[in-house]
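Colleague: Pasting a predicted model and its sequence here:
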Amino acid sequence: MYKHVFLLTLLIAVSFAHDDDAHAQAHESKKEDGHGNFNYKFDISNGIGAEEAGDEHNNVHGQFHFVSKEGVPVQISYTADEHGYHPHGDALPTPPPTAEAILKALAYIEAHPHKEEPHHSAGHGHGHGKH
């Protein structure tokens, strides 16, 4: 499965490549030990590259980089494990900050947890039982 992450990474990096990179040269290395451990790496002379390593427990970490059409270097690192895919990098969007009122409300809720009221069984003192 994580080899698909590497291929997806490659496709993303290549999609940002410049149109005039037809003559770029690539250097690639691959290592696998047959027990689930692997390491892939490639670098292209146009500034695109990636590397990824994984282990027999399906834990993967890696990074890819390229230069945008605006000439800005972009690098994304990531991990992938039983908890999902976790990319990191300055080029990734970030959520807006949480509003102060929401933070105060969450703090209040945490400081005042809901208490369950005891449940009474039906028919005790409510006039619904047999006479």
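Modeller: In hand now; what should we look at?

Colleague: roughly how far apart are the closest residue to H35 other than its chain neighbours and P93?
Modeller: Spatial nearest neighbour of H35, excluding adjacent residues (C-beta to C-beta, 6 or more residues apart in numbering): E56 at 5.3 Å. C-beta: built from backbone N, CA, C; applies to glycine. According to C-beta to C-beta, to the nearest Å, E56 stands 34 Å off from P93.

Colleague: who's more crowded, the two?
Modeller: Shown here are E56 and P93; by other C-beta atoms under 10 Å, E56 has more neighbours (10 against 4).

Colleague: Dihedrals phi and psi, the more buried one?
Modeller: With angles defined as degrees, to the nearest 10, E56 sits at phi -70, psi -10.

Colleague: tell me the contacts of it?
Modeller: For E56, the contact set (C-beta atoms under 8 Å, 6 or more residues apart in numbering) comprises 35-37.

Colleague: what bridges to the spatially most central residue of the chain?
Modeller: Among the residues of the chain, the one closest to the centroid is H86, at 2.0 Å (C-alpha atoms, centre = their mean). Bridge pairing for H86 (DSSP bridges) gives the partners T79.

Colleague: Tell me the spacing between it and N58.
Modeller: To N58, H86 is 14 Å away according to C-beta to C-beta.

Colleague: same deal with L103?
Modeller: Shown here: L103 relative to N58, a distance of 36 Å by C-beta to C-beta.

Colleague: Check S68 too.
Modeller: Here the criterion is C-beta to C-beta. By it, S68 lies 32 Å from N58.

Colleague: Helices along this structure, start to end?
Modeller: Here the chain has its helices, by DSSP state H, at 2-15, 100-111.

Colleague: Which of those helices has the lowest mean pLDDT?
Modeller: The minimum mean pLDDT among the helices of the chain belongs to helix 2-15 (a mean of 54).

Colleague: What distance do you get for G71 to A22?
Modeller: Noted for G71: a distance of 19 Å to A22, by C-beta to C-beta.
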